[in-house]
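# Sequence and predicted model, in that order:
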Amino acid sequence: MLKIECRQGDITRQTDIDAVVNAANAQLRPGGGVAGALHRAAGPELDAACRSLAPIQPGQAVITPAFALPNRYVIHCLGPVYGVDEPSDELLAACYRNAMALAEAHRLASLAFPALSTGAFGYPMAEAARIALTTVTEAGRQCVHLRRVRFVLFDAATAELHQRLLDELTASP
């Protein structure tokens, strides 16, 4: 049974998680937001490891070692730019499914996601959270190795929104 957690925090400091997910750009380069924070914390080796894997397409996920991060791996996902990459809901769901599939393929027990596509890519937070939580819940039913997914969210309001939607999604009928 997959356990899903929602908490406010710093995705670069998830010491009890096997892999963290990077809200990547198509070229897998350091940038702002989550990508910048993960690249800074991992060190220059992460950028070097990403170069041969780029470019990636919206919805795609690739995996690298985590280098100086306290995790084994970084899974890089390119979320859709809201209003540009269509169908945005399907592409966003694909990010979560593909990241979980990579975690399963590498026999990882735990994975931490940020709120993909909600920063510079402009996805409305409530809609993105609903897609993320629904997709992770559904995909989790097929997971053998993955036991825990944590959403690591930038601020308290975002963490509370995710928790409320998760509670609604998992409430007994």
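Received, thanks.
# and the longest helix for this protein?
Across the chain, the longest stretch assigned as helix under DSSP state H is helix 88-105.
# Same question for that one: list its buried residues.
Within helix 88-105, the residues scored as buried using 16 or more other CB atoms under 10 Å are 88, 91-104. Glycine gets a C-beta too; all of them are placed from N, C-alpha and C.
# Excluding covalently adjacent residues, which one is nearest to the residue positioned nearest the centre of the chain?
The residue lying closest to the centre of the chain (CA atoms, centre = their mean) is Phe113, at 3.2 Å. Leaving aside its sequence neighbours, Phe113 sits nearest to Val21 (CB to CB, 6 or more residues apart in numbering; 4.6 Å).
# Same question for Cys95.
Cys77 (4.1 Å).
# Run through the residues that contact the one you found.
Going by CB atoms under 8 Å, 6 or more residues apart in numbering, Cys77 touches Val21, Asn22, Ala23, Ala24, Gly59, Gln60, Ala61, Cys95, Tyr96, Asn98, Ala99, Leu116.
# how much space between it and Arg7?
Noted for Cys77: a distance of 20 Å to Arg7, by CB to CB, to the nearest Å.
# Same question for Leu53.
For Leu53, the distance to Arg7 equals 29 Å [CB to CB].
# now Met125
According to CB to CB, Met125 and Arg7 sit 16 Å apart.
# wait, doesn't Pro114 sit right on Val152?
Yes - at 6.1 Å, Pro114 and Val152 qualify as touching, with contact defined as CB atoms under 8 Å.
# Val21 versus Pro44, what's the distance?
As judged by CB to CB, Pro44 and Val21 stand 20 Å apart.
# out of the two, which sits in the busier spot?
Neighbour totals were compared for Pro44 and Val21, and Val21 leads with 30 against 12 (other CB atoms under 10 Å).
# relative to helix 88-105, how tilted is the helix or strand hosting that one?
Val21 belongs to strand 19-23 when assigned by DSSP states H and E. Orientation check (axes from the mean of the first three to the mean of the last three CA atoms, to 10 degrees): strand 19-23 against helix 88-105 gives 150 degrees.
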